[in-house]
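Trainee: Okay, predicted coordinates and the sequence, questions at the end:
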Amino acid sequence: MTSLERLPQLLRLAAGMPSYLRAPVDPAAARRLMADRMARRGELFVEWMRRLVFDRPESLYGRLIDRARIRQDELARQVRAEGVESTLEGLRDRGVYLTLDELQQRVPVRRDGVTIEQGPDALANPLLGAGIPGRSSGSRSSGTLVAYTWAFLEEEAAAECLLYEMHGVRDAPAAIWLPGPPGIAGIHNMLLHLKAARPPARWFSHSAPPTWTRSPFHGLVLDFMGATSRACGVPAPRLQHAGLEASAEVADWLAGKGATRSVRSLKTYASSAVRVAASARDRGLDLSGSVVFTGGEPLTAERRRFIESSGLTVRPRYVTTESGLVAGACPHAHDSAPDVMHVYQDRLTLTGGVTRAEGLNRSERSLAFTALSLHTPRVLLNAELGDFGSLDTRDCGCVFGSLGLRLHVSHVTSPEKVTGEGMNLHATHLHDIVARLVAAAGGSPDDYQLRTTNDARGLPAITVVVHPAVAAFDQGTFFHALWRELGAAGGGAALAAVVWRDAGTVQIVREIPRTTSGHKWLPADKRDAAGV
């Protein structure tokens, strides 16, 4: 689609932004909004099911519900009697769910031997109008197209406002270190800050700003956001390119170098936070009292310890492209996990899925996502997005707990994804490239393996193990093909190519692969982690 063809989309977006910014959310309003949705969450779920499933019997979920012989009145009674999560578990057990492979259309949806066809964009929310465009990382395609509407962002902003207040940094100078367009992470989080009338002081971006020759549409989006935010009295900072090598600059800002020392906050990927902590330690900077909100990849115990060694306080966030904000850090987290978070149950919920992953703790199973908001960009009902974790329901004395958000998620990991530097890609894509090049060099399917490793700081590496006997395998040819194909996929895959290339995330090792029961992907082979 050309920039001229996208102009109507930009004009529709422009019409809604002033009203979005002129009604800022503060902690009191955020509490009221979330408390009201929590009080009505059963009704919200029933209404969501009516409009997006029962009223659309031709849809994928409509046909799954029909095959399971579930009536609308039956569902409403069960929600009133047993609650949302218990009802969802019952739907799952009757075949109303989607695995990750089904959701990404790598395999057909089959129930009881019957194949249920789905169109190319079966899970797009038909109720939405124009929204902020973005894509998830691609696997064999160009990724999932999503659109975040102003109503959707307003719902999210309440949780984000309370998260910052609860951790004592709502009024502190803030920065984000997240990619700008065409990635959606940076602009998504910027708009949440603007809705709370707390524009960040700096926007560091892993990717270079869009240009008129390379990406004019995204340049227009940024220019419009900047002009409108200034007119509404909440000026957004200009995007500043800061690749991974710029971690020292981000650390300097957090330390308040050249200014009066104050508590500050940063929102970035977990690996980027590790790089900031490393730069601060190398430069003797004191980051004590400041807070870093991490996301985009698992916050492991190793990463948390290293980040905290710089004086930073670490607070995890959980976000997916398909659902938006999922969960935020609990201040009363226990030592049981480095990433205990409250699920934002006013807008969505998590239950256990049907997929098991080899090597994970038995309490950690696939997470199934269900939207409760009519504004969520994807129609998600017991849908697996490739993440695994532990779910725990308990009372908590923090702000979120007082609002009734009793569901906690922790130990979040993505064993079916290749994850590094905040970029996520399904392992299938990398497998396709490696398998093809190994075969072209005369190797067999058993002559390679992929695995992730971490150094002592928790920084990731994606290791491609190739058998030494495949003498014709050429590293230069592999990397050329990898960056070319990821770039051609667009969206998050193209951004991953830029970030991984700059960071040296992907490595080649020539040794005999340690295959296990035919598995070609070892998500966390601790035998290769530094010091383990």
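Mentor: That came through, no problem. Computed from a prediction, not measured in an experiment: that's the story for all the values here. Numbering: from 1, shown residues only.
Trainee: List the contacts of L459.
Mentor: Counting by C-beta atoms under 8 Å, 6 or more residues apart in numbering, L459 makes contact with 271, 274-275. Bear in mind the C-beta positions are built from the backbone N, C-alpha and C, glycine included.
Trainee: from these, which single one is nearest P173?
Mentor: Checking the contacts of L459 against P173 by C-beta to C-beta gives R275 as the nearest, at 20.3 Å.
Trainee: So the closest one, which state does it fall into?
Mentor: Put simply, R275 is helix when judged by DSSP: H, G, I helix; E, B strand; the rest coil.
Trainee: so what's it closest to, chain neighbours aside?
Mentor: Nearest residue to R275, sequence neighbours excluded (C-beta to C-beta, 6 or more residues apart in numbering): S247, at 3.9 Å.
Trainee: How far off centre is the strand ranked longest in the chain?
Mentor: Secondary structure of the chain per DSSP state E: the longest strand is strand 383-393. Offset of strand 383-393 from its chain centre (C-alpha atoms, centre = their mean, to the nearest Å): 13 Å.
Trainee: now stretch 101-110
Mentor: Chain-centre distance of stretch 101-110: 21 Å, with C-alpha atoms, centre = their mean.
Trainee: So for that stretch, first residue to last residue, what's the gap.
Mentor: The first and last residues of stretch 101-110 sit 12 Å apart, counting by C-alpha to C-alpha, to the nearest Å.
Trainee: Quick one: list the elements packing against the helix or strand harbouring the residue nearest to R275.
Mentor: Secondary structure assignment for S247, by DSSP states H and E: helix 247-255. Helix 247-255 sits against strand 174-177, strand 202-205, strand 265-269, helix 270-283, with contacts defined as 3 or more C-beta pairs under 8 Å, 6 or more residues apart in numbering; DSSP states H and E.
Trainee: The closest residue to A14 other than its chain neighbours: how many residues sit nearby?
Mentor: In space, and not counting its chain neighbours, A14 is closest to F224: 6.0 Å by C-beta to C-beta, 6+ apart. F224: 15 surrounding residues under other C-beta atoms under 10 Å.
Trainee: Show me where the stretch 51-200 of the chain dips below the pLDDT cut-off.
Mentor: 129-146 (pLDDT under 70).
Trainee: thinking again about what came up before, tell me the mean pLDDT for the helix holding S247?
Mentor: For helix 247-255, mean pLDDT is 95.
Trainee: tell me the angle of it relative to strand 265-269?
Mentor: 150 degrees (axes from the mean of the first three to the mean of the last three C-alpha atoms, to 10 degrees).
Trainee: List the buried residues for the one helix or strand R31 maps to?
Mentor: In this structure, R31 sits in helix 27-39 according to DSSP H and E. Using 16 or more other C-beta atoms under 10 Å as the test for burial, helix 27-39 gives 27, 30-31, 33-34, 37-38.
Trainee: And the strands in the stretch 51-200 of the chain, which stretches?
Mentor: Ranges of strands within the stretch 51-200 of the chain are 109-111, 114-116, 132-135, 145-148, 174-177, based on DSSP state E, counting those that start in this stretch.
Trainee: Assumed V470 was part of a helix.
Mentor: No. Counting by three-state DSSP, V470 is not part of a helix but coil.
Trainee: ok, and the closest non-adjacent residue to L33?
Mentor: Closest to L33 by C-beta to C-beta, 6+ apart is A158, at 4.5 Å.
Trainee: tell me the contacts of the residue most central in space within the chain?
Mentor: Nearest residue to the geometric centre of the chain (C-alpha atoms, centre = their mean): T320, 3.0 Å. Neighbour list for T320: 136, 326, 369, 385, 387 [criterion: C-beta under 8 Å, 6+ apart].
Trainee: Just to check, the fourth one is in contact with G324?
Mentor: No. Taking contact to mean C-beta atoms under 8 Å, the distance of 11.9 Å between L385 and G324 leaves them out of contact.
Trainee: picking up where we left off before, buried set for the longest strand of the chain?
Mentor: So strand 383-393, judged by 16+ other C-beta under 10 Å, has buried residues 383-391.
Trainee: what's the spacing between the residue nearest to A14 and I512?
Mentor: 55 Å (C-beta to C-beta, to the nearest Å).
Trainee: got it, and A174?
Mentor: Distance, A174 to I512, by C-beta to C-beta: 49 Å.
Trainee: do the same with W177
Mentor: Separation of W177 from I512 (C-beta to C-beta): 39 Å.
Trainee: The two - which one has more neighbours?
Mentor: More neighbours surround W177 than the other of W177 and I512, with 30 against 13 (other C-beta under 10 Å).
Trainee: What is the subsequent helix or strand relative to the helix holding R31?
Mentor: Tracing the chain past helix 27-39, the next element assigned as helix or strand by DSSP H and E is helix 41-49.
Trainee: and that following helix, what does it pack onto?
Mentor: Contact partners of helix 41-49 among helices and strands, from 3+ C-beta pairs under 8 Å, 6+ apart: helix 72-82, helix 84-93.
Trainee: The shortest one versus strand 383-393: what angle between them?
Mentor: Think helix 84-93. Using the same axes, to 10 degrees: helix 84-93 against strand 383-393 is 140 degrees.
Trainee: got the CA positions of helix 84-93 in CSV?
Mentor: Extracted C-alpha coordinates of helix 84-93, given in CSV (Å, rounded to 0.1, in the frame of the first residue of the first chain):
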residue,chain,number,x,y,z
VAL,A,84,-15.2,-16.2,33.7
GLU,A,85,-12.1,-18.4,34.1
SER,A,86,-14.0,-21.5,35.0
THR,A,87,-16.3,-21.0,32.0
LEU,A,88,-13.3,-20.6,29.7
GLU,A,89,-11.7,-23.8,31.0
GLY,A,90,-15.0,-25.6,30.2
LEU,A,91,-15.0,-24.2,26.7
ARG,A,92,-11.4,-25.3,26.2
ASP,A,93,-12.3,-28.8,27.3
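Trainee: Now do it and helix 72-82, the angle between them.
Mentor: Using the same axes, to 10 degrees: helix 84-93 against helix 72-82 is 130 degrees.
Trainee: Please enumerate residues in contact with helix 84-93?
Mentor: If you take C-beta under 8 Å, 6+ apart as the criterion, helix 84-93 is touched by 41-42, 45, 65, 68, 70, 75, 78-79, 82, 97, 349, 351-354, 368, 370, 372, 381-382, 407.
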